[in-house]
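**Student:** This is a predicted model, with the sequence first.
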Amino acid sequence: MADWNPALYTRFEEERTRPARDLLRRCEFPLDRPFEMLRIADLGCGPGNSTALLAERFPGAAITGFDTSEAMLEAARARLPQCRFALGDIAAFEPDDPFDLVFSNAALQWVLGHRTLIPALMRQVAPGGVFAAQIPDNLADPSQVAMREIALEPDFAPLLAGDVERREAIGTREDYYDWLSAAGRREVDVWTTIYNHPMADAQAITDWFSSTGLKPFIDPLPDDLSERFKARYTQEMDRRYPVRADGRRLLAFPRLFMVARKG
């Protein structure tokens, strides 16, 4: 895929950051432990919106944001010069020393094989530390189904052969509970929240996903076909997300959350 676009991503920053705030509320440490002693990793930090929440919640902590996008890392460094940011692949995350908090907001969906990934990430948590992540759980939603159906249309199928999406259906709540509990984690909490985002119109839904879920579909296409794909997608969003009483469209967005404390 082409590199990520921080400006387009942050157009909906408030909506994208809301789940990170909800996740962070469950990340507690003993009151007698100074924040200055904490080492925190933000996996898939993007432009630093989730990292900013961590810096506000744990002032003085040593925070490092990891991402595979140089453009996102540059935006994050400009936003939070007090934090460290480094190029890093979640699938190969093996730091020299464990972190007290391994945090990930809307990034693990791009990494395959959660049955092995989740225990591997827990191994990077220090004793008494916390692993916390939230993952979009929307592959069955109209917004995602439309992408896959349009990719099969004659205009696009020849250039989008194979599994362009590079995402797999995530596990159930029970799966993540078991994967996190298997190694004797002292506390595990798993839950689902459905956010409902009022969007100005069908085009706004296209704009939302153009910086995330649509990228694997539109990035391989030449510019003219990319624009045609997005136009078709907007037509489908107009059809599948009807106008509400206030003239806007309601984009439902389910997300799965997990928090585990290491014994």
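**Tutor:** Structure's in. What do you need?

**Student:** the strands in the chain, which residues?
**Tutor:** Secondary structure of the chain by DSSP state E: the strands cover 39-43, 62-67, 84-87, 99-105, 125-136, 187-199, 249-261.

**Student:** Take those and lay them out in CSV including mean pLDDT.
**Tutor:** Conversion of those to CSV gives the following (pLDDT from 0 to 100):
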stretch, mean pLDDT
strand 39-43, 98
strand 62-67, 98
strand 84-87, 98
strand 99-105, 97
strand 125-136, 95
strand 187-199, 96
strand 249-261, 97
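
**Student:** Just want the most central residue of the protein.
**Tutor:** residue 106 (1.2 Å; CA atoms, centre = their mean).

**Student:** Flag the shaky bits of this structure, pLDDT-wise.
**Tutor:** 1-11, 31, 162-166, 183-185 (pLDDT under 70).

**Student:** what's the longest helix in it?
**Tutor:** In the chain, assigned by DSSP state H, the helix with the most residues is helix 223-240.

**Student:** Now do it against strand 187-199, angle only.
**Tutor:** Put simply, helix 223-240 runs at 90 degrees to strand 187-199, going by axes from the mean of the first three to the mean of the last three CA atoms, to 10 degrees.

**Student:** Which positions within helix 223-240 qualify as buried?
**Tutor:** For helix 223-240, the neighbour count (16 or more other CB atoms under 10 Å) marks 226, 228-230, 232-234, 236-238 as buried. Where C-beta positions appear, they are placed from N, C-alpha and C, glycine not excepted.

**Student:** and if you look at stretch 115-133?
**Tutor:** 117-118, 121-122, 124-125, 129-133.

**Student:** if we can go back for a sec, okay if I get the strands of the chain as a markdown table plus distance to residue 208?
**Tutor:** Listed next are the strands of the chain as a markdown table, based on distance: least, CB to CB, whole Å:
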| stretch | distance to residue 208 |
| --- | --- |
| strand 39-43 | 22 |
| strand 62-67 | 20 |
| strand 84-87 | 25 |
| strand 99-105 | 16 |
| strand 125-136 | 12 |
| strand 187-199 | 7 |
| strand 249-261 | 7 |
